[in-house]
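1. Build me a structure from this.
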Amino acid sequence: MKVSLIHDWLVTLAGAEKVLEAIYELYPGPIYTLVSDRENLKGSIFEDCEIYTSFIQRLPKAKSKYRSYLPFFPLAIEQFDLSHSDVIISVSTCVAKGVLTRADQLHICYCCTPVRYAWDLYHQYLGETGLNKGIKGAVAKMILHYIRMWDYISTKRVDHFVTLSYYIARRIKKIYGRDSTVIYPPVDVGSFEVHTGKEEFYLTASRMVPYKKMDLIVEAFSMMPDKKLVVIGDGPDFAKIKSKASRNIEILGYQPFDVLKEHMQKAKAFVFAAEEDFGIIPVEAQACGTPVIAFGKGGVLETVEENKTGIFFNEQTPESLVDAVKRFELDQDKFDCREIRKNAERFNRERFKREFREFVDKKLSEFYS
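-> Predicted coordinates:
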């Protein structure tokens with residue numbers, strides 16, 4: 001059985017790449033992607049893989065500015081010749097699912113989400129980028145309209161959808177009109193250990209981009225000068241977030257894994273304010289036996305058990321988070337590090353590989369019966 005793997009872009013090692021990595025271990029084969037950055041892949045399983053890229057790879061600054069070539073993505077993904085493959089597995093957050101296949105080829109798509117900036121985050125994206133008005137805005141709206149039409153049509157090329165949470169399964173059903181099977185993504189819980197000696201600080205860690213709401217967390221703790229917050233991460237909003245920090249807030253910027261893990265283990269709670277599709281880092285925090293204080297919407301509702309492994313706040317406002325911290329401190333002695341760790345183990349890597357292989361085997365049996 002010849003398997004080909006398709007991914008949108010392979011330039012960093014984030015959540016979607018962890019899914020691709022686990023699938024590649026099950027079904028090693030050529031990887032097709034719009035653009036790849038071999039330098040950033042050093043030390044990973046992809047370092048010596050057979051990787052094929054599109055014409056976008058040869059465009060100026062493609063490795064760092066690939067998103068600027070969005071209008072060419074549909075054309076580029078359709079140029080890959082997969083005629084030699086029996087099975088195509090795509091890991092898609094954008095256009096990977098749109099590869100052209102024949103009727104005698106099985107195409108399974110692990111869809112992390114429909115294209116966010118073309119669908120559910122369309123108006124938010126235009127507002128945050130200043131593209132909701134003017135000539136540039138008009139052009140952007142036309143491009144995204146075209147992407148939406150192509151995106152919907154391209155879903156017909158997928159035989160079976162798999163996704164990472166019931167939250168995204170509902171989004172896929174609403175936007176594409178397709179059912180999907182939920183297989184939670186792999187989390188490397190084995191790289192984390194429980195630390196029972198919690199210290200008197202809270203932790204948050206993320207890439208500093210608007211939808212992660214790191215500024216909200218910093219604003220909330222600026223309203224609680226008696227509580228220490230440690231912030232780990234970097235990104236476009238770093239300067240803005242740092243300017244909002246009061247003396248009780250320590251901004252560490254980017255930190256290597258060992259430093260992040262140590263802070264996760266010692267923090268009294270991990271704070272998470274984003275509305276995520278799944279949210280790997282709250283699971284990693286729980287793998288350290290650390291409770292989570294999270295915005296109660298999105299995939300986190302499926303990974304955090306309220307009043308057992310964490311608590312939720314209902315609005316993305318500093319005031320709502322402040323209230324949640326106060327509620328947490330009233331009941332913090334009730335959280336059991338071992339039970340928190342046990343919950344995280346539900347999302348381990350081997351579980352993902354077992355469930356995904358069983359799914360593929362079943363669909364192969366049906367396809368060739």
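
2. contacts and neighbour counts: CA atoms only from here.
-> OK.

3. what secondary structure does Thr181 sit in?
-> Following DSSP: H, G, I helix; E, B strand; the rest coil, we place Thr181 in the strand state.

4. Report the contact partners of the residue nearest to it when sequence neighbours are not counted.
-> Nearest non-adjacent residue to Thr181, counting by C-alpha to C-alpha, 6 or more residues apart in numbering: Val162, 4.6 Å away. Applying C-alpha atoms under 8 Å, 6 or more residues apart in numbering to Val162 gives the contacts 108-111, 180-183.

5. cool, and Arg102?
-> Ser83.

6. Go again with 10 Å.
-> Neighbouring residues of Arg102 by C-alpha atoms under 10 Å, 6 or more residues apart in numbering: 82-83, 85-86, 157.

7. For the spatially closest residue to Phe72 that is not a sequence neighbour, give me the pLDDT.
-> Computed as C-alpha to C-alpha, 6+ apart, the closest residue to Phe72 that is not its neighbour in sequence is Ile56, at 7.9 Å. Ile56 carries a pLDDT value of 97.

8. Would you map out the domains in the protein?
-> 3-186+349-367, 189-346 (automatic domain parsing).

9. Strands of the stretch 51-200 of the chain, residue ranges please.
-> 51-53, 87-92, 106-111, 160-163, 180-182 (DSSP state E, counting those that start in this stretch).

10. Now do the third one against strand 87-92: the angle between them, please.
-> For strand 106-111 against strand 87-92, the angle between stretch directions is 20 degrees (axes from the mean of the first three to the mean of the last three C-alpha atoms, to 10 degrees).

11. What separation do you get for the residue nearest to Thr181 and Ala76?
-> 23 Å (C-alpha to C-alpha, to the nearest Å).

12. what do you get for Gly299?
-> 31 Å.

13. Then Pro30?
-> Counting by C-alpha to C-alpha, the gap from Pro30 to Ala76 is 17 Å.

14. out of these two, which sits in the busier spot?
-> Ala76 (20 against 17; other C-alpha atoms under 10 Å).

15. hang on, the more buried one packs against Trp9?
-> No: taking C-alpha atoms under 10 Å as the definition, Ala76 is not a contact partner of Trp9, at 11.6 Å.

16. The closest residue to Cys337 other than its chain neighbours: neighbouring residues, count only.
-> Of all residues not flanking Cys337 in the chain, Gly289 sits nearest, at 4.1 Å (C-alpha to C-alpha, 6+ apart). The number of residues packed near Gly289 is 32, by other C-alpha under 10 Å.

17. and Gly289, what does it touch?
-> With C-alpha under 10 Å, 6+ apart, Gly289 has these contacts: 192-196, 198, 264-269, 283, 309, 335-344.

18. Filter those residues down to just the buried residues.
-> 192-196, 198, 264-269, 283, 309, 335-338, 340-341, 343-344 (16 or more other C-alpha atoms under 10 Å).

19. still on that earlier bit, winner for burial among the domains of the chain?
-> domain 189-346 (a mean of 19; mean count of other C-alpha atoms under 10 Å).
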